[in-house]
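**Student:** I'll drop the sequence and a predicted model, then ask my questions.
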Amino acid sequence: MKLNLESPVPLYHQLQEILRLKIANRAWNVGTQIPSEHDLCRTYGVTRPTVRQALEGLVREGLLVKRRGKGAFVTDPPLPVGLFSVTGVSDAFAGSNIQVETRVSYAGRSSACILAEGDDPEQGWVKFERVRSLNQVPTFFEYTWISAALVSGLDKSDLNNRSLYKTLQDNFNLRVGGGKQRFSAVAAPLKIARALRVRPGAPLLRVVRSIDLSRGGVATEAFPSAMRIDLYAAQGPFVLEQNITATNAYGSGADHPAVPTPQSEKSAASSVSNSANGANPALISHVPTTGVNF
């Protein structure tokens, strides 16, 4: 496969695609060193900056890893992770070979929640700030607000390296019944950037998640949006993956879902929304991510 010098597609993009196909076709197996930058320049007739851009793109995709003084090597492809599940980060990585660590940086009470859609509860919120690391690399920063009336004493609990959802279920008989989530792009605020070790203003994916909770099979209707999570995610050894059905893609269970209009397509491009079970929201979470492939 050769580069097309007449194509409007940049040469480094073309070269990146050629090398990606070679990896996909097992021309180089996992752990194999690919040809050097010098050899790739000579083979494809391009400059070293072009080769480096192509290789950096493959590194970001998780297909190559660079070893200082040795070159670039084929690595295992990123693990597909269903991070968009309403059951959270811990469940998303359960069963994977990725080590998930959770560190609570703040636990206390708050009278207001910046994500609240209605009035704040009379007893206020229990608020957490947590940093989630994958294979010892800070990858998620998470704000959590939960109605204090539902989780008395939770702010005194140790949630380091523990699943919040499991804690809510085991200690407070609260279960996730479904929900909805919206996606948009944001720039990393200074505090989040420092926690995730990315530059301020780095692009992040924001997921605002509203989740319904129930206690003993009864919806917590007295506490709409009783739990809200504001989650920021940075680049990790995974790609985000979600199975889309006619129901959650179009909001209808019909056999033949309506065809999106140009306006709905435009709206979807700026803010994607998925819902489950059609219940009222009891949890909101928001996940901005940087460098994560879709």
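**Tutor:** Okay, I see it.

**Student:** Do a quick rundown of the strands in the stretch 101-250 of the chain.
**Tutor:** Across the stretch 101-250 of the chain, reading from the start of the chain, the strands by DSSP state E, counting those that start in this stretch fall at 125-134, 137-147, 174-187, 203-215, 218-219, 227-233, 238-240.

**Student:** Can you give me the buried ones in the longest one?
**Tutor:** Neighbour-count burial for strand 174-187, counted by 16 or more other C-beta atoms under 10 Å, picks out 174, 176-183, 186. (C-beta placed from N, C-alpha, C; glycine too.)

**Student:** okay, the angle between that strand and strand 227-233?
**Tutor:** With axes from the mean of the first three to the mean of the last three C-alpha atoms, to 10 degrees defining the directions, strand 174-187 sits at 40 degrees from strand 227-233.

**Student:** Let me see the mean pLDDT of strand 174-187.
**Tutor:** When pLDDT is averaged along strand 174-187, the result is 78.

**Student:** circling back to that earlier point, spatially, which two of the buried residues of strand 174-187 are the most separated?
**Tutor:** Checked with C-beta to C-beta, these reach their widest spread between 174 and 186, with 28.7 Å between them.

**Student:** picking up where we left off before, kindly present the strands of the stretch 101-250 of the chain as TSV, with separate columns for distance to residue 70.
**Tutor:** What follows is these, written out as TSV (distance: least, C-beta to C-beta, whole Å):
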stretch	distance to residue 70
strand 125-134	25
strand 137-147	21
strand 174-187	35
strand 203-215	31
strand 218-219	57
strand 227-233	30
strand 238-240	25
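
**Student:** These: which one's closest to residue 41?
**Tutor:** Residue 41 sits nearest to strand 238-240 of all the strands of the stretch 101-250 of the chain, at 29.6 Å, using C-beta to C-beta.

**Student:** what about the protein, any weak spots by pLDDT?
**Tutor:** Within the chain, the stretches falling below the threshold (pLDDT under 70) are 78-87, 95, 178-179, 210, 216-226, 230, 233-294.

**Student:** do that again at 50, thanks
**Tutor:** Using pLDDT under 50 as the threshold, the predicted model of the chain has low-confidence ranges 222, 224, 245-294.

**Student:** now the helices: where do they sit in it?
**Tutor:** For the chain, helices defined by DSSP state H occupy the ranges 11-24, 37-44, 48-60, 88-93, 164-172, 190-196, 246-250, 262-270.

**Student:** Export those helices to JSON lines and append columns for mean neighbour count.
**Tutor:** Written out in JSON lines, the entries for the helices of the chain read as follows (neighbours: other C-beta atoms under 10 Å):
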{"stretch": "helix 11-24", "mean neighbour count": "18"}
{"stretch": "helix 37-44", "mean neighbour count": "15"}
{"stretch": "helix 48-60", "mean neighbour count": "18"}
{"stretch": "helix 88-93", "mean neighbour count": "20"}
{"stretch": "helix 164-172", "mean neighbour count": "16"}
{"stretch": "helix 190-196", "mean neighbour count": "18"}
{"stretch": "helix 246-250", "mean neighbour count": "15"}
{"stretch": "helix 262-270", "mean neighbour count": "10"}
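
**Student:** Mind putting the ones you listed into a markdown table with distance to residue 114?
**Tutor:** Conversion of these to a markdown table gives the following (distance: least, C-beta to C-beta, whole Å):
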| stretch | distance to residue 114 |
| --- | --- |
| helix 11-24 | 40 |
| helix 37-44 | 47 |
| helix 48-60 | 32 |
| helix 88-93 | 20 |
| helix 164-172 | 19 |
| helix 190-196 | 13 |
| helix 246-250 | 27 |
| helix 262-270 | 21 |
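
**Student:** count of neighbours near residue 198?
**Tutor:** Using other C-beta atoms under 10 Å, residue 198 has 19 other residues around it.

**Student:** where's it relative to residue 183, distance?
**Tutor:** When distances are taken as C-beta to C-beta, to the nearest Å, residue 198 and residue 183 turn out to be 19 Å apart.

**Student:** With residue 101 as the reference, measure out to residue 10.
**Tutor:** Distance of residue 10 to residue 101, given as C-beta to C-beta: 39 Å.
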